[in-house]
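Let me see the structure of the following:
(one chain, ligands or ions: 2)
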Amino acid sequence: MIEWWKKRVVYQIYPRSFMDSNGDSIGDIQGIISKLDVLHELGVGILWLSPVYCSPNEDNGYDISDYRNINPEYGTLADMDELIAEASKRDIKIVMDLVVNHTSSQHEWFKKSCQGVEPYKDYYIWRKKPNNWTSFFGGKAWQYVESRGEYYLHLFAKGQPDLNYDNPAVIEEVKGIMRFWLDRGISGFRCDVINILHKTTLRNGRPRIALVGREHYLSQPGTHRILKELRKDVLSKYDCFTVGESVMVTPKDAKQLCNGELDMVFSFEHMNADCFFIKWLLRKFSPIRLYKSLAKWEKKVKWNTIYLENHDQPRSVSRFGDEKNYPIESAKALAVLLLTLKGTPFIFEGEELGMTNFDMTSMDQLNDVESKNVYSLARKLRLSENYCHKMIWQKSRDNARTPMQWSAQKHGGFTTGTPWLKVNDNHTTINFDCEHDDPNSVWSFYKELIALRNSTPALQYGTFKVSFMTKNVFAYERAFEGKKIGVIVNLSNKKQRVPCVGYTIMSNYGRTQLDCELEPYEAAVLRR
Ligand code: TEU
Ligand code: CA
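Ligands and ions are numbered 1, 2, ... in the order given. Predicted coordinates for the structure are as follows:
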């Protein structure tokens, strides 16, 4: 029997930017409920919500101060129950974000830990002297607390103290959180930085340009042990699925993480197709680097995840497509890649509209803590203002977080208030209202492609085989029980000569047959 999470398309919602129902400038759960019919029409089967729990928002909800309650900005537990019920009426499952590598420094546990109050004293990682580890957000990974006379570890922002997974009480707390939400009827978790939970040792790390100390916490044996325990004691008791966001994971790690621990993982490798090792070291996008990484992961893991965007990544049409000269063709070409590879596809809100990077004009518009930290660090390192701006404009996580563009009206119809983050000026042409009624829009193409995937087992869970790959063109074949489907994608702004390819099922140029020359950003699903 094929698991349901292999057949459905996931849609990620960043609640803060999705839809504001009460005019307070911030997206909320009632706003999501108001758009369920649109999501149902699009054809998605699972909604992954980025965190809506109580949080001081130092990292926009990835710093949680109460795991069992909803941030009043987003609504209430009753709203959450309503969302789960209303989504279920439309055969849509809800998946929450499990952020348990760290809490917020405003969490009761941390406040008590700072005071040395049992049993919270050892819920976090405290030391008299910091080691040389550095944070994902740049800078040192330790912060001194006067009341305790010690330093605590924070691999992310200062307001995100890492939990201590050598403490069994912490693991029991996590089980309680998971049961609380699964008992409310959610269908699984996207697990935040789940492969760094256990730190094998706090010894100094080898000198590196980024993430000093990572050899002591990336995919360690202790983390595998903990994940097996969570599956045995909690997850195995529910009809649910887990996808693990796993930092710098290798296919070998991924295999182990998906062997009695998680159901699937996100790899970051293909996100390096336009940078050197870390996202801030910019590099010209190379389609074949993207293709090679996608093809590698198709072969190396039992069940893959396919994504090109999320709330941490720039918009794919700005990054891998051509938002200026071929905005619609390249957005559709990326959709073909996203929705015909083998594995569960994850669409990020707005990707189905062809939304583009933030039209940022000044660093003052930045909201993202990572971008602000990295910008100030880069300036201290005497990198030129011009390079810093280019780096932030291209790679800031705010690129993905500008509000959803629902209409051509003021603020894109996202809010009747003043949006918490500026709405892109191009909402006048890139928006749901105009695209919904246009059969040639990006949104309509996504709807058609998702319907094709939802009705084609070869695309949902068929085999994957590379047909050919060139510097700019990727062609592959999917097959299931004798039914074959071909796919071809050109991610360049030039015509590309290819071996004659045949009749199309879908084409982003509306062609019924492809000859030996692809148009710029041409992509097609082919009869075989
Ligand atoms: O992201 C983990 C993470 O590594 C990201 O910071 C990513 O590497 C980087 O931003 C590259 O773009 C998860 C969440 O997705 C992110 O939003 C949180 O800030 C982070 O964990 C801490 O919870
Ligand atoms: Ca609101």
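
interface residues of the stretch 351-500 of the chain facing ligand 1?
Remark: the part of the stretch 351-500 of the chain in contact with ligand 1 comprises 370, 397, using Cβ under 6 Å from any ligand atom. (Each C-beta comes from the backbone N, C-alpha and C, glycine too.)

Likewise for the chain?
Applying the criterion Cβ under 6 Å from any ligand atom, the portion of the chain that neighbours ligand 1 consists of 59, 62, 99, 136, 156, 192-193, 245, 247, 279, 311-313, 370, 397.

If we use 8 Å, what do you get?
Within the chain, the positions near ligand 1 by Cβ under 8 Å from any ligand atom are 50, 59-60, 62-63, 99, 101-102, 136-137, 156-157, 160, 192-193, 245, 247, 268, 271, 279, 310-313, 369-370, 395, 397.

what's near enough to touch the closest residue in space to Arg16 that isn't next to it in sequence?
The spatially closest residue to Arg16, leaving aside those adjacent along the chain, is Gly27, at 5.0 Å (Cβ to Cβ, 6 or more residues apart in numbering). Counting by Cβ atoms under 8 Å, 6 or more residues apart in numbering, Gly27 touches 14-20, 74, 403-404, 414-415.

Pipe those into a markdown table and attach secondary structure, pLDDT and neighbour count per row.
Converted to a markdown table, the contacts of Gly27 look like this (DSSP: H, G, I helix; E, B strand; the rest coil; pLDDT from 0 to 100; neighbours: other Cβ atoms under 10 Å):
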| residue | secondary structure | pLDDT | neighbour count |
| --- | --- | --- | --- |
| Tyr14 | coil | 98 | 24 |
| Pro15 | helix | 98 | 26 |
| Arg16 | helix | 98 | 26 |
| Ser17 | helix | 98 | 26 |
| Phe18 | coil | 99 | 24 |
| Met19 | coil | 98 | 23 |
| Asp20 | coil | 98 | 25 |
| Tyr74 | coil | 98 | 25 |
| Pro403 | coil | 98 | 29 |
| Met404 | coil | 98 | 24 |
| Phe414 | coil | 98 | 28 |
| Thr415 | coil | 98 | 25 |
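
distance of the residue nearest to Arg16 from Gln106?
Between Gly27 and Gln106 the distance is 22 Å, computed by Cβ to Cβ, to the nearest Å.

Surely Ile177 touches Met96?
No - if you go by Cβ atoms under 8 Å, Ile177 and Met96 don't touch, sitting 9.7 Å apart.

In terms of packing, which of these two has more residues around it?
Legend: neighbour count by other Cβ atoms under 10 Å for Ile177 and Met96, higher for Met96 (25 against 19).

and the gap between the closest residue to ligand 1 within the stretch 101-250 of the chain and ligand 2?
Using Cβ to the nearest ligand atom, the single residue of the stretch 101-250 of the chain nearest to ligand 1 is Phe156, 4.4 Å away. Separation of Phe156 from ligand 2 (Cβ to the ion, to the nearest Å): 26 Å.

With Phe474 instead?
Going from Phe474 to ligand 2 by Cβ to the ion gives 41 Å.

Mind checking which of the residues of the chain next to ligand 1 are buried?
With burial judged by 16 or more other Cβ atoms under 10 Å, the buried subset of the residues of the chain next to ligand 1 is 50, 59-60, 62-63, 99, 101-102, 136-137, 156-157, 160, 192-193, 245, 247, 271, 279, 310-313, 369-370, 395, 397.

burial count for the nearest residue to Gly159 once chain neighbours are set aside?
Among residues not flanking Gly159 along the chain, Glu58 sits closest, at 3.8 Å (Cβ to Cβ, 6+ apart). If you count neighbours by other Cβ under 10 Å, Glu58 ends up with 17.

before we move on, what about Ser267?
Ser267 is flanked by 24 other residues according to other Cβ under 10 Å.

Run through the residues that contact whichever residue of the chain sits closest to ligand 1.
In the chain, no residue comes nearer to ligand 1 than Tyr62, which is 3.5 Å away by Cβ to the nearest ligand atom. Tyr62 makes contacts with 50-51, 55, 97, 99, 156, 160, 192, as judged by Cβ under 8 Å, 6+ apart.

ok, now Gly61?
Gly61 touches 15-16, 50-53, 55, 71, 97, counting by Cβ under 8 Å, 6+ apart.

Met506 is in contact with Leu514, correct?
No - at 11.4 Å, Leu514 does not count as touching Met506 under the criterion of Cβ under 8 Å.

where does the residue nearest to Arg16 sit relative to Asn440, distance-wise?
29 Å.

and the residue of the stretch 101-250 of the chain found nearest ligand 2, what element?
The minimum distance from the stretch 101-250 of the chain to ligand 2, using Cβ to the ion, falls at Ser104 (20.8 Å). Here Ser104, judged by DSSP states H and E, is contained in no helix and no strand.

now do Ile328
Ile328 belongs to helix 327-340 when assigned by DSSP H and E.

got a list of contacts for the helix or strand just after that helix?
For helix 327-340, the following helix or strand on the C-terminal side (DSSP H and E) is strand 344-348. If you take Cβ under 8 Å, 6+ apart as the criterion, strand 344-348 is touched by 5-6, 8-12, 14, 44, 48, 243, 264, 266, 303-307, 309-311, 313, 338-339, 400, 446, 453.

Stretch 100-119 too?
Identification of contacts with stretch 100-119 by Cβ under 8 Å, 6+ apart yields 55-56, 58, 63-66, 120-124, 126, 145, 147-148, 152, 154-156, 158-163, 169, 173-174, 177, 191-194, 196-197.

quick check, distance from that stretch to the centre of its chain.
Computed by Cα atoms, centre = their mean, to the nearest Å, the chain-centroid distance of stretch 100-119 equals 27 Å.

Which positions in that stretch come out as buried?
Buried residues in stretch 100-119, counted by 16+ other Cβ under 10 Å: 100-107, 109-110, 113-114.

Report the separation between the two terminal residues of it.
Stretch 100-119 has its terminal residues 18 Å apart, counting by Cα to Cα, to the nearest Å.

And for stretch 144-157?
14 Å.

Return the set of buried residues in it.
Within stretch 144-157, the residues scored as buried using 16+ other Cβ under 10 Å are 145, 150-157.

Mark which of the residues you listed are part of helices, please.
Here DSSP state H is the test, and those give no hits in helices at all.

nearest to Gly502, of those?
Nearest to Gly502 out of these is Phe156 (Cβ to Cβ; 48.9 Å).
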